[in-house]
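# 3D, please:
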Amino acid sequence: MLLHVGGLEPRKGVFVIAATNRRDMIDAAMLRPGRLGKQLHIPLPASDNRAAVMSTLTRKTPLAAGLDVTQLAAGPRCEGFSGADLAALVREACMQALRSMPIPEGLPSGDAPPVPVVSMEHFEAALETVFPSVTELDALECEGLRPPTTKI
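Residues are numbered from 1 along each chain as shown. Model prediction:
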């Protein structure tokens with residue numbers, strides 16, 4: 001990678017974009033000027049952002065009447081969850097809903113099987129197995145490594 005980024009031949013119109021959740025693991029040579037010149041730090045989503053992400057993730061999911069997933073996402077049980085963590089939570093809640101459905105016997109041909117409805121109980125069960133992928137220590141270390149804010 002370094003050979004291509006910092007090689008002898010000029011590369012016009014080539015942009016290298018990299019993403020990581022472990023900036024401390026990037027070789028210092030990659031961070032030198034002229035290689036990965038701009039660095040952006042994107043923190044974990046705040047409660048209102050988690051609510052918006054959860055709303056988007058569940059827009060096509062049949063939810064139980066009265067279930068407010070945005071309140072769940074914005075609450076303390078989802079503190080520290082990334083967007084990917086919230087997606088895993090929704091997937092697991094859907095799996096819990098599928099597992100709790102009775103198995104229909106002999107559907108008439110052409111009939112669609114019943115669609116599971118995801119309830120708060122399914123999200124509660126999912127929260128027993130889905131945890132934030134970024135620990136508090138990782139988040140604090142990442143904050144400490146954050147480069148000074150630059151204008152792009």
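# All the helices of this protein, residue numbers only.
Using DSSP state H, the helices of the chain run over 2-5, 47-57, 69-74, 83-100, 120-127, 136-145.
# What average pLDDT does the last one get?
Yep, that's helix 136-145 we're talking about. Helix 136-145 carries an average pLDDT of 68.
# The fourth one too?
In this model, helix 83-100 has an average pLDDT of 96.
# picking up where we left off before, quick one, which of the helices of the chain is nearest to Thr20?
Closest to Thr20 of the helices of the chain, according to C-beta to C-beta: helix 136-145, at 10.0 Å. C-betas here are computed from N, CA, C, even on glycine.
# What's the local residue count around Ala29?
11 (other C-beta atoms under 10 Å).
# Give the ranges of residues in the protein that sit below the confidence cut-off.
1-11, 107, 110, 139, 141-152 (pLDDT under 70).
# Mind putting the helices of the chain into JSON lines with distance to Pro114?
Below are the helices of the chain laid out as JSON lines (distance: least, C-beta to C-beta, whole Å):
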{"stretch": "helix 2-5", "distance to Pro114": "54"}
{"stretch": "helix 47-57", "distance to Pro114": "22"}
{"stretch": "helix 69-74", "distance to Pro114": "21"}
{"stretch": "helix 83-100", "distance to Pro114": "11"}
{"stretch": "helix 120-127", "distance to Pro114": "15"}
{"stretch": "helix 136-145", "distance to Pro114": "41"}
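# so which of the ones you listed gets nearest Gly37?
helix 2-5 (10.4 Å).
# rewinding a little: is it possible to export the helices of the chain to JSON lines including mean neighbour count and distance to Gly106?
As requested, these are exported to JSON lines (neighbours: other C-beta atoms under 10 Å; distance: least, C-beta to C-beta, whole Å):
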{"stretch": "helix 2-5", "mean neighbour count": "11", "distance to Gly106": "60"}
{"stretch": "helix 47-57", "mean neighbour count": "17", "distance to Gly106": "34"}
{"stretch": "helix 69-74", "mean neighbour count": "20", "distance to Gly106": "34"}
{"stretch": "helix 83-100", "mean neighbour count": "18", "distance to Gly106": "19"}
{"stretch": "helix 120-127", "mean neighbour count": "18", "distance to Gly106": "26"}
{"stretch": "helix 136-145", "mean neighbour count": "12", "distance to Gly106": "51"}
